Structure formats: structure tokens, C-alpha cells
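Asker: this one's sequence-less:
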């Protein structure tokens with residue numbers, strides 16, 4: 001966009017800092033001398049052709065927004081500027097200087113950012129107190145409402161901005177006492193604040209709220225002692241700046257900030273900006289640093305989160321989609337006591353003139369643990385920690401699909417405790433629960449080679465063996481379990497009188513109807529109990545001759 005004469009003239013005549021933007025792409029077109037001087041080191045982001053996003057990023061990094069966090073302030077400012085209409089922008093501080101600024105339509109189809117030193121009007125009022133003649137020529141062109149008042153409280157001069165504040169013209173206000181045209185409470189408050197200035201040199205600043213017609217107003221009041229040509233105190237010079245809309249906006253921003261703070265406290269969000277070229281982080285907030293353990297890192301990069309190969313693919317996906325959302329990453333760094341799960345979203349960003357990547361990251365470790373805990377409760381027996389019936393049956397279905405048609409040997413054991421009901425009746429359920437837990441431990445020890453050990457319910461347990469041998473090996477495994485279970489169960493000094501009966505079905509993949517094999521193991525277990533308990537029984541067709549007569 002070419003620079004018109006109107007832009008140059010406006011920039012030269014204005015006492016405010018002006019930055020003109022092309023409304024199409026929000027790039028800097030022209031910057032006046034006042035802006036270059038006031039913004040100092042920000043010249044690097046004020047060059048023609050630079051995007052306004054870079055100026056906002058500079059303010060977020062090197063300055064301090066007076067309301068809300070930097071990310072929210074930058075987004076609010078960018079949205080307001082992008083609208084192309086007049087809008088107050090979030091105030092900020094650079095060094096010791098606070099700034100108020102707004103965007104508006106500029107000359108020759110431009111957008112104008114107008115920046116003002118928030119303390120300049122008050123400092124100017126003090127400086128002009130020693131130059132009365134200059135004041136009288138100057139105040140008429142000041143946008144700030146300004147008045148001069150003699151020792152008797154009569155207005156000797158005011159500008160149009162002051163008179164308009166009270167729906168008057170300048171001539172109607174001059175020569176009157178303030179109480180003649182403004183609310184009595186306001187006139188009284190100003191008089192009380194100015195009283196010390198009529199005794200000795202000084203300044204006063206305050207925020208005053210008052211009712212004007214049918215609405216509440218808030219003004220920033222400032223006044224200074226005014227001396228005459230002889231050096232004697234001649235009166236006061238003061239200003240009243242209507243900040244009602246600003247206060248309302250600040251209250252809305254504060255409310256939004258409070259809501260956002262509450263949200264972040266319950267679901268912390270980390271923000272980081274890394275260089276697209278080398279991945280080095282150019283900016284990150286404290287939440288992001290804590291989440292990734294970056295406190296002692298000199299030049300941390302996004303390789304902490306993504307390997308080189310996966311980073312390349314992620315950036316490619318980001319370019320195609322415009323952003324990449326909700327990528328889950330497992331992070332384990334040397335200084336971390338345990339791994340963390342992070343959910344991150346990335347999007348492209350131009351930051352300080354460099355192609356960058358914006359990271360939004362949250363810690364979902366607790367959610368992952370909670371999901372894992374729910375999964376464990378769904379699949380594991382709560383008392384013994386062994387697999388439960390649902391998980392064991394799922395395991396059988398999986399094995400049936402894998403083994404069918406093969407000659408892989410397999411076996412299913414069903415174990416039932418002898419004397420368990422009597423134990424519960426005589427020593428109580430606490431003793432019974434302890435025996436069940438102890439049984440789970442003994443089965444894990446005695447059947448370390450088992451594919452799965454599960455509690456089916458009550459005092460009934462089951463074991464699955466895959467490719468661990470045929471009838472001979474499985475009989476030896478059953479002997480080992482019977483021996484382990486025959487050791488005394490001692491609860492509070494008393495033998496619980498517990499043993500175990502086992503039924504087992506041994507088969508190969510060619511006949512792996514798991515439901516049938518489970519039934520056969522159960523049948524063999526009841527035969528073991530009937531034969532005297534504390535022993536095992538291997539299922540054979542002889543146990544059910546009627547079922548196997550066709551096979552015979």
C-alpha cells in the first residue's frame with residue numbers, strides 16, 4: 001500500500017504516537033516520529049511491511065498488559081484491530097511508561113493505532129502551570145478537558161472538551177463557579193482537593209465518581225497550582241478525563257480474566273512459541289515451563305515433545321489442516337519422578353518476524369491414570385488383583401481365534417477351595433477375604449508359567465496354560481499347585497482348614513472350543529471334590545461316557 005500525503009501530514013501534525021496499518025493484511029504502512037521515540041526498542045517491529053501481530057507479540061514479551069494475561073490481551077487487541085472500527089485496546093506498560101491506545105479509521109483508507117502516554121496529560125498540566133500565557137493558547141486544542149480557575153473559584157478559561165462534559169459551550173462556562181453547572185457533590189469534591197494547592201505549590205490526582213443526569217460517571221481528576229506573572233499563587237489548572245467507558249471495559253475484562261483464571265486453575269494451560277526452523281522456544285509461560293520442566297534449560301526446543309521424524313510429519317499435517325489439535329504425548333524427562341501425559345495443539349504463527357509454531361498444552365496425566373484405574377477395575381478382581389471373569393472370558397475368546405486349527409497344546413484349570421464356606425461361617429468374612437487374597441498370591445507363585453490366573457467368583461479360580469506341554473506337564477503343574485495350597489492357612493493364630501480341589505482339561509488347538517473345555521475342567525473339579533478333596537482330576541471321556549459314546 002503506497003503512502004499518501006494525507007498519512008504523512010497527519011503523522012507529522014499529531015502529538016500522539018501513530019502507527020498506520022493496511023486494513024487488508026494489517027501490515028505497518030507508516031510510523032510517525034513520536035511513535036518511534038516513545039516505543040524505543042520496538043523499532044524492529046514497526047518497520048513498513050511488518051504485521052501488527054509482531055508488534056502485539058513484542059508487547060506481550062517485553063511489556064506488561066495492565067489487565068488480564070498477555071495471551072488474552074493480545075487476542076483481544078488483534079480482534080479489535082481486525083474489525084477495522086474504532087475500539088479501545090488493552091492498556092500496557094513498557095518500562096516505566098503506561099500507555100492507553102485505541103484503533104480507528106485513518107486517512108486514505110488506512111487503520112490508525114493511536115498511542116498515548118497515560119501520564120502525559122497530568123505531567124503536561126504541571127509543566128504548563130509555569131507558562132500561563134502558553135497555556136491560554138494551548139488548552140483550546142487539547143483533547144483532554146482542561147480548565148483554569150482563580151483563587152475565588154471562578155473559571156477564567158476552559159476548553160471545549162471540558163464544557164462538553166457538562167453539555168455547555170465554552171462561553172457559558174467561563175466566569176462561573178463550578179457549582180453553577182456541575183453536580184454539587186462534584187464541585188465540592190474538586191474544591192476540597194484543590195484547597196491545599198491555593199496555599200502552596202503542589203499537585204493532586206484522584207479518581208472521582210459522580211452522577212450526571214441519569215448515569216454514573218467516573219473521571220480521572222488532576223490539578224496543579226497556577227502562579228501569576230508576579231510569582232504569587234493565582235489559582236489552579238485542572239483536568240477531568242471521562243473514563244466511564246474505560247472503567248466498564250476494565251470491569252468486563254477483569255470479570256473475563258477471573259473466569260479464565262478459574263478455568264486455568266482447574267485445567268492448567270501451557271503456552272509456548274517455538275521457531276519453525278530449529279524448534280527453539282522463543283517464548284513460554286510459567287505453566288508451560290513447569291509442565292515440561294524447563295526451569296533450568298538454556299535454550300529448550302520442541303524436541304522435548306516431538307522426535308525429529310514425528311515433528312516433520314506433525315508440521316506437515318498442521319499446514320494441511322491449518323492447525324493440529326489434541327495430540328497426546330507421553331513425556332518422561334530425567335528430573336521427573338514419573339511420566340506425564342500431555343495433550344497439545346499446534347498452529348502456525350509469525351512471531352518477531354520469524355515463522356513459528358504456537359503450542360497450547362495441558363497436563364492430562366490425572367485423566368490417563370483415572371482411565372487406567374477404571375480399566376483395571378473393569379478387568380481385575382478388586383479383592384485379589386487377579387483377572388476377573390470378564391477379562392478371563394475375553395482372553396479365552398482371543399486364544400480360541402489364534403489356536404483354532406493348530407496343534408498347540410493348551411490347558412484350563414478350575415480350582416475350588418475346600419472348607420471355605422465353613423471358614424466364613426465360623427471365623428467371619430474377614431478371614432474368608434484374607435484366604436482369597438492369599439490364594440491369589442499362592443497361585444501366582446505356583447503357576448508362574450500360566451498365561452492367565454483369574455478369580456471367576458466366590459472361592460473359584462481358574463488358570464490358562466498355552467504351549468506349556470501336554471497331560472504329563474499339566475499334571476505336574478497341578479501337583480505343584482495342590483502342594484502349595486496344602487500349606488496351612490493361618491489366620492490370627494488358627495489354621496483355617498483350607499485346601500483346594502482342581503479340575504483340568506488338556507487339549508490342542510484343533511479342538512479349542514473354549515466354552516466346552518471350561519465346562520470339562522469344571523466337571524473334573526467336581527470329580528476331584530467327590531473323590532476326597534485336596535487333589536486334582538484330569539478330564540477324560542470316561543467321566544462322561546454318554547457324551548462320548550459316538551466317539552467310542
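Answerer: Perfect, I can see it now. Model, not experiment: these values are computed from the prediction.
Asker: helices and strands of the protein: which one has the lowest mean pLDDT?
Answerer: The helix or strand of the chain with the poorest confidence is helix 120-128; it has a mean of 53 (mean pLDDT, DSSP states H and E).
Asker: For residue 343, see how far away residue 367 is.
Answerer: Here residue 367 is placed at a distance of 9 Å from residue 343 (C-beta to C-beta, to the nearest Å). To be clear about C-beta, it is placed using only N, CA and C from the backbone, and glycine gets the same treatment.
Asker: Please say which of those two ends up with more neighbours.
Answerer: residue 343 (16 against 13; other C-beta atoms under 10 Å).
Asker: The more buried one contacts residue 366, correct?
Answerer: No - under the criterion of C-beta atoms under 8 Å, residue 343 is not in contact with residue 366, lying 11.8 Å apart.
Asker: which strand residues sit across from the most centrally placed residue in the chain in the sheet?
Answerer: In the chain, the residue lying closest to the centroid (C-alpha atoms, centre = their mean) is residue 269, at 1.7 Å. Going by DSSP bridges, residue 269 is paired in beta bridges with residue 362.
Asker: What residues does it make contact with?
Answerer: Taking C-beta atoms under 8 Å, 6 or more residues apart in numbering as the criterion, residue 269 is in contact with 287, 360, 361, 362.
Asker: go with 10 Å
Answerer: Applying C-beta atoms under 10 Å, 6 or more residues apart in numbering, we find residue 269 in contact with 71, 260, 263, 285, 287, 288, 291, 360, 361, 362, 363.
Asker: Could you do residue 217 as well?
Answerer: With C-beta under 10 Å, 6+ apart, residue 217 has these contacts: 165, 183, 186, 208, 209, 210, 211, 240, 242, 243, 244, 247.
Asker: which ones are touching residue 44?
Answerer: Contact partners of residue 44, counting by C-beta under 10 Å, 6+ apart, are 50, 54, 55, 58, 352, 353.
Asker: any idea which of those is the one closest to residue 515?
Answerer: residue 352 (67.4 Å; C-beta to C-beta).
Asker: that older thread, gap between the residue nearest to the centre of the chain and residue 275?
Answerer: With C-beta to C-beta as the criterion, residue 269 and residue 275 are 21 Å apart.
Asker: swap in residue 226?
Answerer: For residue 226, the distance to residue 275 (C-beta to C-beta) stands at 56 Å.
Asker: Who has more neighbours out of these two?
Answerer: Ranked by neighbour count (other C-beta under 10 Å), residue 226 and residue 275 place residue 226 first, with 25 against 17.
Asker: Report pLDDT for the more buried one.
Answerer: Per-residue confidence (pLDDT) for residue 226: 87.
Asker: And the helix or strand hosting it, what's buried?
Answerer: Assessed by DSSP states H and E, residue 226 sits inside strand 215-227. Neighbour counts over strand 215-227 (16 or more other C-beta atoms under 10 Å) mark 217, 218, 219, 220, 221, 222, 223, 224, 225, 226 as buried.
Asker: same thing with stretch 57-74?
Answerer: With the criterion 16+ other C-beta under 10 Å, stretch 57-74 contains buried residues 57-60, 63, 65-68, 70-74.
Asker: From the chain's centroid, how far away is the strand holding residue 226?
Answerer: How far strand 215-227 lies from its chain's middle: 42 Å, per C-alpha atoms, centre = their mean, to the nearest Å.
Asker: I'd like the next helix or strand past it.
Answerer: Proceeding C-terminally, strand 215-227 gives way to strand 233-242 as the next helix or strand, assigned by DSSP H and E.
Asker: Partner strands of that next one, with direction?
Answerer: Applying DSSP bridges to the sheet, strand 233-242 is found paired with strand 146-150 (antiparallel), strand 215-227 (antiparallel).
Asker: weakest of the ones you listed by average pLDDT?
Answerer: Taking the mean pLDDT of those, strand 215-227 comes last: a mean of 89.
Asker: what are the ranges of the strands in the stretch 151-300 of the chain?
Answerer: Assigned by DSSP state E, counting those that start in this stretch, the stretch 151-300 of the chain shows strands spanning 155-158, 203-212, 215-227, 233-242, 269-275, 281-284.
Asker: In a markdown table: those strands, plus distance to residue 495.
Answerer: Converted to a markdown table, the strands of the stretch 151-300 of the chain look like this (distance: least, C-beta to C-beta, whole Å):
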| stretch | distance to residue 495 |
| --- | --- |
| strand 155-158 | 105 |
| strand 203-212 | 85 |
| strand 215-227 | 85 |
| strand 233-242 | 92 |
| strand 269-275 | 59 |
| strand 281-284 | 64 |
